[in-house]
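In: Sharing a sequence plus its predicted fold:
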Amino acid sequence: MKKVLFAGVFICLGVVEALGAPLALPSTPYSYTVLDQDLAAALQELGNNLNIRVNVSAGVKGRIRGRMPDLPPREFLERLINLYNLQWYYDGLVLYVSDAHEAQSRLLVLSPISFDALKAALDALNISDERYIVRAVPGDGLVFASGPPRFVALVEQTLKGLVAEAQAQRNPSGNEKPPHESVLMLFRGSSSVVVRQGRSNDAPSPETSHQEGVVHTPDATKR
């Protein structure tokens, strides 16, 4: 059953080729001499020199002043990450660099998927990253994901693919009534995030209260 389920995820998401490999960089020193350069430009130049596509968030600010030590590319990248409070995530195709303050956290409804099935899919697709969090919330059928925006987005997309495949297996003819939709609303100050079967709606809600919390919203068809 799991093999069939994973195959469905690959088809639904279409991301197998983009998520296949860890970030492999040369071990030879990377010589980079600069007197005063924009940090984002330096990261883009690193990618150009190593033939790696780099996506630098608009939130990445700062300038590099003075000569950087000759380090292997991975250590050079980590040095910039630590000096400027950044995060990076590689999806197998693009290296995403963002400010640490841009990190996102999501509570996602697992039903009808188990946490073990989600975790196995994330591992199989090489999305899992030990630096960032994906863990079950005991007793509530929820999973908590936290990390850079690209990482969290891939966790949500994977869950969405698993849910779609599970529903297709339950109702192959399309004649049966679809299962009850699980909805989770996350309150953050004056805005809210609605997560429906692995999909989030980040648009602010005008009816959101000004307190932080988590509310399970009933299916609109059962009101």
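Out: Received the coordinates, thanks. Numbering: from 1, shown residues only.
In: Surely A42 touches G62?
Out: No - checked against CB atoms under 8 Å, the pair A42 and G62 is beyond contact range at 9.5 Å. For the C-beta atoms, the positions are set from N, CA and C on the backbone; glycine is no exception.
In: Can you pick out the residue with more neighbours from those two?
Out: A42 (18 against 15; other CB atoms under 10 Å).
In: since we're on the spatially closest residue to the more buried one that is not a sequence neighbour, how many residues are nearby?
Out: Spatially, and ignoring its direct neighbours in sequence, A42 is nearest to I64 (5.3 Å; CB to CB, 6 or more residues apart in numbering). Neighbours of I64 under the rule other CB under 10 Å: 19.
In: The helix or strand where I64 lies - contacts with which helices or strands?
Out: Assigned by DSSP states H and E, I64 belongs to strand 63-65. In this structure, strand 63-65 makes packing contacts with strand 36-38, helix 39-50, judged by 3 or more CB pairs under 8 Å, 6 or more residues apart in numbering; DSSP states H and E.
In: what's next to the first one, contact-wise?
Out: Translated: strand 36-38. Residues from elsewhere that reach strand 36-38 (CB atoms under 8 Å, 6 or more residues apart in numbering): 62-65.
In: Same check on the last one?
Out: In this structure, residues lying in contact with helix 39-50 by CB under 8 Å, 6+ apart are 25-26, 30, 32, 34, 52-54, 56, 60-64, 73, 76-77, 80, 84, 95, 97.
In: So S146: helix, strand or coil?
Out: Taken by DSSP: H, G, I helix; E, B strand; the rest coil, the conformation at S146 corresponds to strand.
In: residues near it, how many?
Out: Residues lying near S146 (other CB under 10 Å) number 16.
In: Please look at it and I133 and confirm they touch.
Out: Yes - S146 is within contact range of I133, at 4.3 Å (criterion: CB under 8 Å).
In: which residues does the closest residue to L162 other than its chain neighbours contact?
Out: Nearest residue to L162, sequence neighbours excluded (CB to CB, 6+ apart): I113, at 4.7 Å. For I113, the contact set (CB under 8 Å, 6+ apart) comprises 159, 162-163, 166.
In: on that earlier part again, of the helices and strands packed on strand 63-65, which stretch is the most buried?
Out: helix 39-50 (a mean of 17; mean count of other CB atoms under 10 Å).
In: same question for it, mean pLDDT?
Out: Helix 39-50 shows a mean pLDDT of 92.
In: ok, now stretch 152-172?
Out: Taken as a whole, stretch 152-172 has a mean pLDDT of 89.
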